[in-house]
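In: Using only what follows, build the 3D model:
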Amino acid sequence: AVNFTLYYETLCPYCRGFIKGELWKAFSSILSIMNLTVVPYGNANETYSASTQSWIFQCQHGPHECWGNLLHSCLIYYWPSIEQHLPFIHCMESNDQDDIKLAAIKCAKQFKAPYNQLMSCMNSTLGNQLQHANAVQTESLTPKKQHVPWVTLNGVHTDQIENDALSDLVGLICRTYTVR
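Out: Reported below is the predicted structural model:
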């Protein structure tokens, strides 16, 4: 299978467009030949607070985006399979009418997600560590991430891969896939 990873942040318009469009098309049609991973963090920054012994995050689109990134990190932890978590993420990213917290409630209802469990994860050391792990993974990319959405194909990022993924992800995955 082809490994494809998306690095994103929850309120980035281009990320939302990609998740609603090309990513959803590929998920819906060729998931069987993909190992698809999504990493919510994006262009955020983190600093360690010794006094609280936790990480503090600043997000490009403000505190609501940090809230969304953290929610998605907890969701992926409790629902590790892409078949479980991506429909919920797609639901939230497709909702640009409601603020992110209302979108989360609506999508949790629709997909019967453990909303209370997600909220307690978000307010815990666990959630903080999950978000930190995504920060570390995002910051250790080579070449370094320049923007989001940022994608890797079998662990590799090039401008060509990015352009192909953003315009025709299904085509890119199919061309990359070789029958073993």
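
In: Every contact and neighbour count from this point should use C-alpha atoms.
Out: Will do.

In: So which residues of the chain form helices?
Out: Under the criterion DSSP state H, helices of the chain are mapped to 13-18, 24-30, 63-78, 82-94, 100-111, 115-122, 125-139, 159-176.

In: Now render the ones you listed as JSON lines, adding distance to Val151.
Out: Below are these laid out as JSON lines (distance: least, CA to CA, whole Å):
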{"stretch": "helix 13-18", "distance to Val151": "11"}
{"stretch": "helix 24-30", "distance to Val151": "14"}
{"stretch": "helix 63-78", "distance to Val151": "17"}
{"stretch": "helix 82-94", "distance to Val151": "16"}
{"stretch": "helix 100-111", "distance to Val151": "24"}
{"stretch": "helix 115-122", "distance to Val151": "26"}
{"stretch": "helix 125-139", "distance to Val151": "11"}
{"stretch": "helix 159-176", "distance to Val151": "6"}
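
In: winner for burial among those?
Out: Using mean count of other CA atoms under 10 Å, the stretch among these with the largest mean neighbour count is helix 63-78, at a mean of 22.

In: Okay, angle between it and helix 82-94 too, please.
Out: Interaxial angle, helix 63-78 versus helix 82-94 (axes from the mean of the first three to the mean of the last three CA atoms, to 10 degrees): 170 degrees.

In: which residues touch helix 63-78?
Out: Under the criterion CA atoms under 8 Å, 6 or more residues apart in numbering, residues 9-11, 39-41, 44, 57-59, 85, 89, 100-101, 118-119, 121-122, 127-128, 130-131, 134 lie in contact with helix 63-78.
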